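S.K.: Sharing a model that was predicted from the sequence below.
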Amino acid sequence: MVSKVTRSPGADSSGIFRRPRLVLKLKRFEDLPAVLDKTKSYPTPVRVVGADYSQTRCVGGDGGTTVDLGALDKILEIGETTVRAQAGVRLGTLVQALAERGLELPLTPEMGQISLGALAVTTLPQASYGAGLAQLSSCVTELKLITPQGKQMVVTERERDLMRVLRSSFGLLGVVHEVVLRLRPQTPVKIDYQNLSLKDFSARFNSTIKAPGALRLHISPFNDRITVERRTLDEMASLTRSGIWQIRNSVMRNVLPAFGSTVGSVLAAPGLRAVMLSGMQKALGSTRGVAIYAHEWMRDMPTEAWKARHTYSLWAFPEAAFPQVLAEYFAFCKAYYKEHRYRCNVVTGASRLHQDRGSLFSVSYTGPMFTLEPSSTGDQGWDDFLIDFNDFASGLGGTPTFNQTRALQVEHVAKAFGERIKLFRALRQRTDPLNRLRNSYFAYLLG
Ligand SMILES: Cc1cc2nc3c(=O)[nH]c(=O)nc-3n(C[C@H](O)[C@H](O)[C@H](O)COP(=O)(O)OP(=O)(O)OC[C@H]3O[C@@H](n4cnc5c(N)ncnc54)[C@H](O)[C@@H]3O)c2cc1C
């Protein structure tokens with residue numbers, strides 16, 4: 001077998017296995033069946049790791065075998081409407097190769113490290129342009145995977161129900177080694193900003209959501225500011241990159257990820273932080289008519305120590321109730337600060353999501369939604385804040401994700417997904433009766 005095995009130390013100080021016993025760097029997908037078959041050589045659970053940028057323990061080694069597919073990094077075939085690539089290819093690499101041919105994915109996230117294997121099986125909601133396509137996995141039209149029994153399977157979008165479950169499978173139903181993704185011709189995106197108070201945002205909400213385009217929000221509860229970023233596809237737009245767009249991108253690329261190590265301590269003083277955030281929002285608010293290609297907003301996070309520097313958590317809420325949810329979020333943040341002297345030190349993000357039933361655990365499965373993404377440098381108090389924020393979000397009918405919602409509890413999951421959890425559990429038990437692919441994180445949340 002052409003692979004590299006490294007041995008991880010065993011249990012952590014709590015006595016619980018969080019890390020894998022083995023990390024296997026696989027060079028050929030043909031070796032996967034043997035790995036799954038040999039339980040003595042490759043201890044259970046067998047978990048796949050992509051880029052390892054998830055916000056939760058969804059990879060979760062648990063004293064088993066972690067399979068790193070990073071070496072399966074070939075883009076196999078670029079056509080006019082689809083691209084075929086191996087699971088270890090990073091999205092940033094793919095998007096760049098497509099841009100060189102005048103092509104793009106229908107959705108482009110801001111982070112480039114995401115592996116295509118993870119893209120296919122996790123929940124990655126993006127500010128969306130229309131119904132049916134609000135999660136990256138909905139761009140997947142074909143998957144090749146190895147089942148827990150070591151069998152090769154090819155699934156296309158013609159098998160809708162199976163595809164829907166696989167797109168939310170987190171490595172629990174099989175190991176994906178190849179994907180096909182839908183493409184479209186590269187189209188300029190016009191970007192406009194509006195800088196609003198909560199009152200103005202609520203008053204204009206209906207017209208805001210009716211107008212065409214994808215919506216991304218930058219929210220500061222303590223400054224009463226919501227910057228609405230509208231991205232409109234416009235084939236006729238000529239590309240312009242105003243100075244403020246460069247600044248916005250530079251802040252996204254350089255300042256936010258580095259907050260923890262550079263300006264984080266300076267910004268600890270609430271006054272200074274407010275000045276910087278509101279200055280940025282004011283500047284964005286006066287930006288009009290920037291037009292760029294989507295791949296230009298993608299950035300790579302620093303490869304080291306990112307976890308400590310920029311973290312966030314994500315819940316989604318029904319669109320119709322979103323102004324009310326925001327009002328309650330502002331009140332929650334202020335009350336929390338009053339009681340615990342903690343507030344998030346990075347702007348809260350949000351995206352409008354159209355309904356998308358392409359994956360079982362899609363956060364906009366039941367209808368159009370808005371996400372709410374409190375963000376921070378992971379400073380002291382953040383973990384406790386999230387525990388209370390989760391109860392707040394669940395209480396307001398929010399829907400979480402398994403890879404981007406931190407500190408999730410089983411009751412949050414049961415409330416949000418109901419029958420969908422039962423369906424997935426039954427299928428997982430049938431597909432993997434020996435729990436070869438299941439780790440403790442999913443055993444707790446999904447059974
Ligand atoms: C600072 C920061 C900014 C971010 N910004 C964005 C953003 O702008 N947009 C966005 O969408 N996301 C963003 N993310 C989220 C992030 O992209 C995803 O949560 C995560 O990166 C998924 O990709 P990954 O390759 O890291 O997956 P991993 O964390 O490695 O894996 C995720 C899950 O998928 C399973 N898996 C991985 N590969 C396979 C496979 N081949 N077969 C079967 N199962 C597999 C794993 O076992 C695990 O359960 C951001 C994250 C961070 C830390």
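M.R.: Yep, that arrived.
S.K.: Kindly report the residues of the stretch 151-300 of the chain close to the ligand.
M.R.: Residues of the stretch 151-300 of the chain lying close to the ligand (Cβ under 6 Å from any ligand atom) are 170-171, 175-176. Quick note: C-beta positions are derived from backbone N, CA and C, even for glycine.
S.K.: top of those residues by neighbour count?
M.R.: Within these, V176 tops the neighbour count with 30 neighbours, counted by other Cβ atoms under 10 Å.
S.K.: Can you list the helices and strands that the strand or helix carrying it packs against?
M.R.: Secondary structure from DSSP states H and E places V176 in strand 175-182. Judged by 3 or more Cβ pairs under 8 Å, 6 or more residues apart in numbering; DSSP states H and E, strand 175-182 is in contact with helix 32-37, strand 46-49, strand 82-86, helix 116-121, strand 140-146.
S.K.: at 7 Å what do you get?
M.R.: Strand 175-182 sits against strand 82-86, helix 116-121, strand 140-146, with contacts defined as 3 or more Cβ pairs under 7 Å, 6 or more residues apart in numbering; DSSP states H and E.
S.K.: Next, format these as JSON lines and append mean neighbour count, distance to G367 and mean pLDDT.
M.R.: Listed next are the helices and strands packed on strand 175-182 as JSON lines, based on neighbours: other Cβ atoms under 10 Å; distance: least, Cβ to Cβ, whole Å; pLDDT from 0 to 100:
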{"stretch": "strand 82-86", "mean neighbour count": "20", "distance to G367": "29", "mean pLDDT": "98"}
{"stretch": "helix 116-121", "mean neighbour count": "28", "distance to G367": "23", "mean pLDDT": "98"}
{"stretch": "strand 140-146", "mean neighbour count": "22", "distance to G367": "22", "mean pLDDT": "98"}
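S.K.: Quick one: closest of the ones you listed to L233.
M.R.: L233 lies closest to strand 82-86 among the helices and strands packed on strand 175-182, at 19.6 Å (Cβ to Cβ).
S.K.: Mind listing residues that contact the closest one?
M.R.: Applying Cβ atoms under 7 Å, 6 or more residues apart in numbering, the contact partners of strand 82-86 are 72-77, 94, 98, 116, 141, 177-183.
S.K.: go again using 8 Å as the cut-off
M.R.: Strand 82-86 is contacted from outside by 29, 69, 72-77, 94, 98, 103, 116, 141-142, 177-183, using Cβ atoms under 8 Å, 6 or more residues apart in numbering.
S.K.: now do stretch 356-366
M.R.: With Cβ under 8 Å, 6+ apart as the contact definition, stretch 356-366 has outside contacts at 123, 125, 128, 131-135, 137-138, 163-165, 167-168, 314-316, 318, 353-355, 369, 371, 399-402, 417, 420, 423-424.
S.K.: returning to what we had before: so which of the helices and strands packed on strand 175-182 comes closest to the ligand?
M.R.: Closest approach to the ligand among those (Cβ to the nearest ligand atom): helix 116-121, 2.3 Å.
S.K.: How much space separates Y365 from G50?
M.R.: Y365 is 23 Å from G50, where distance means Cβ to Cβ, to the nearest Å.
S.K.: Next SSE downstream of the longest helix that the chain contains?
M.R.: Ranked by number of residues, the top helix in the chain under DSSP state H is helix 322-340. Where DSSP H and E defines the elements, the next helix or strand beyond helix 322-340 is strand 346-353.
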